[in-house]
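[1] coordinates only, sequence not included:
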């Protein structure tokens with residue numbers, strides 16, 4: 001499990017960010033949609049790292 005920050009954006013959407021994966025952001029009209037979208041973004045981010053032969057940052061232990 002990775003840490004995710006969710007906060008209201010200036011455009012009325014909810015912004016979701018995964019600080020452990022630099023540049024991994026998403027958004028949604030609701031908090032729930034933002035959570036679903038960031039989960040997909042994290043999965044794709046990690047998939048691309050692996051495809052490109054880059055190490056995947058460890059998720060901090062909570």
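    Structure's in. What do you need? Here the structure is a predicted model, which is why all the values come from computation and not from measurement.

[2] could you use CA atoms for every contact and neighbour count after this?
    Noted.

[3] doesn't residue 16 make contact with residue 5?
    Yes - counting by C-alpha atoms under 8 Å, residue 16 is a contact partner of residue 5 at 5.6 Å.

[4] what is the helix or strand where residue 16 lies packed up against?
    Assigned by DSSP states H and E, residue 16 belongs to strand 14-17. Secondary-structure packing of strand 14-17 (3 or more C-alpha pairs under 8 Å, 6 or more residues apart in numbering; DSSP states H and E): strand 5-8, strand 25-28, helix 31-51.

[5] make CSV out of these and add mean neighbour count.
    Listed next are these as CSV, based on neighbours: other C-alpha atoms under 10 Å:
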stretch, mean neighbour count
strand 5-8, 15
strand 25-28, 20
helix 31-51, 16
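
[6] include distance to residue 58 and mean pLDDT when you put those into JSON lines, please.
    Shown next, in JSON lines, are the helices and strands packed on strand 14-17 (distance: least, C-alpha to C-alpha, whole Å; pLDDT from 0 to 100):
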{"stretch": "strand 5-8", "distance to residue 58": "17", "mean pLDDT": "97"}
{"stretch": "strand 25-28", "distance to residue 58": "18", "mean pLDDT": "98"}
{"stretch": "helix 31-51", "distance to residue 58": "11", "mean pLDDT": "97"}
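
[7] export those to CSV and tack on distance to residue 59?
    Listed next are the helices and strands packed on strand 14-17 as CSV, based on distance: least, C-alpha to C-alpha, whole Å:
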stretch, distance to residue 59
strand 5-8, 14
strand 25-28, 16
helix 31-51, 11
